[in-house]
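Participant: Return a 3D structure for these sequence lines:
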Amino acid sequence: MSLFRVMDIASTGMGAQSVRLNTTASNIANANSVSSSYDATYKARHPVFAAELQKATEKYSEGSGVQVLGIVESQKPLQVEYSPGHPMADENGYIYKPNVNVIEEMADMMSASKAYETNVQLADTTKRIFRRVLQLGQGQ
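Facilitator: Sure thing, here's the model as predicted:
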């Protein structure tokens, strides 16, 4: 595998983890929002990743990057709470809260942050290898 391919893989990994961090941050930011209807309530979002398997199978010896296929809404049920005095309550006295579990989101954010950091370190190490190879060519 060429060093250029390593940089490509690291960059796709960083891009994917950046999307993951942004969706997680959005989930956490909306965790305490309230709505008066089921349809208007924020639903947790999660990115869907796929390894670029076609590239990997064409050249078996090379690694594959990560592709973001899209972002999907969670299918977990929303939190419904009876609160007739709340200004956002519907005609039956219910308010709707997002299906965001802040603890899970924080764990996901820490995992995404670590994965992003790992890809940055991989790119940095590859850059140092490039530099050393160039120095070898100069006779140093």
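Participant: check contacts around Leu69.
Facilitator: Neighbour list for Leu69: Val48, Phe49, Ala50 [criterion: C-beta atoms under 8 Å, 6 or more residues apart in numbering]. Glycine gets a C-beta too; all of them are placed from N, C-alpha and C.
Participant: all strands for the chain, in order.
Facilitator: 45-51, 66-73, 79-82, 94-97 (DSSP state E).
Participant: Make TSV out of those and add distance to Asn27 and mean pLDDT.
Facilitator: Output for the strands of the chain, formatted as TSV (distance: least, C-beta to C-beta, whole Å; pLDDT from 0 to 100):
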stretch	distance to Asn27	mean pLDDT
strand 45-51	6	91
strand 66-73	10	93
strand 79-82	14	95
strand 94-97	13	96
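Participant: Distance check, Ala51 against Asp8.
Facilitator: Using C-beta to C-beta, to the nearest Å, Ala51 is found at 13 Å from Asp8.
Participant: Asn101 now?
Facilitator: Asn101 is 34 Å from Asp8, by C-beta to C-beta.
Participant: Settle it for me: which of the two has more neighbours?
Facilitator: Asp8 (18 against 15; other C-beta atoms under 10 Å).
Participant: Of the contacts of Leu69, just say which sits nearest to Ala16.
Facilitator: Among the contacts of Leu69, Phe49 lies closest to Ala16 (C-beta to C-beta), at 5.5 Å.
Participant: The closest one contacts Gln67, correct?
Facilitator: Yes - using C-beta atoms under 8 Å, Phe49 is in contact with Gln67, at 6.9 Å.
Participant: Now list whatever residues contact both of those two.
Facilitator: Counting by C-beta under 8 Å, 6+ apart, the common neighbours of Phe49 and Gln67 are Ala16.
Participant: who's the nearest residue to Ala40 once chain neighbours are set aside bridged to?
Facilitator: Leaving aside its chain neighbours, Ala40 sits nearest to Tyr96 (7.7 Å; criterion: C-beta to C-beta, 6 or more residues apart in numbering). With DSSP bridges as the criterion, Tyr96 is bridged to Ser35, Val80.
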